[in-house]
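Trainee: Structure for this input, please:
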Amino acid sequence: MFGNKKGKQKKASPQNRKNSMNRKANIKQQKRGVYPGHQCFNADDDRTYYSRKKVNGHSEGNKWIKNVLKKYNYTIKVVGKPFVQNRPPVGGVPE
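Mentor: Numbers count the residues shown, from 1 in each chain. Down below sits the predicted model:
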């Protein structure tokens, strides 16, 4: 009764822990998106704007957002953080 090892669980090896952390990081990257990707932002008019072409980095995405705001004479405002997606968002406004 006391010597039964069936209920004991093995500790995860360092390699298994590392693999698990890598999987979690990959899931976060998929949700967040990575460059190159379509630059997107949510606006105060309840629309999501996205770039037609993929941007290659943060500075290029920042310029794109500033150009879109300028195009609309700054009548729209960015709500929340801009983000990057591998595919254009469904129902978004291409710019």
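
Trainee: what kind of secondary structure is Asn73 in?
Mentor: Here Asn73 is recorded as coil under DSSP: H, G, I helix; E, B strand; the rest coil.

Trainee: would you list every one of the helices in the protein?
Mentor: With DSSP state H, the ranges of helices along the chain come out as 14-32, 58-71.

Trainee: quick one: which of those has the weakest pLDDT on average?
Mentor: With a mean of 57, helix 14-32 has the lowest mean pLDDT of the helices of the chain.

Trainee: got the buried residues for the lengthiest strand in the chain?
Mentor: As assigned by DSSP state E, the longest strand anywhere in the chain is strand 78-85. Neighbour counts over strand 78-85 (16 or more other Cβ atoms under 10 Å) mark 82-85 as buried. C-beta: built from backbone N, CA, C; applies to glycine.

Trainee: Could you check how many residues crowd around the closest residue to Lys77 other than its chain neighbours?
Mentor: Among residues not flanking Lys77 along the chain, Asp44 sits closest, at 4.7 Å (Cβ to Cβ, 6 or more residues apart in numbering). Asp44: 10 surrounding residues under other Cβ atoms under 10 Å.
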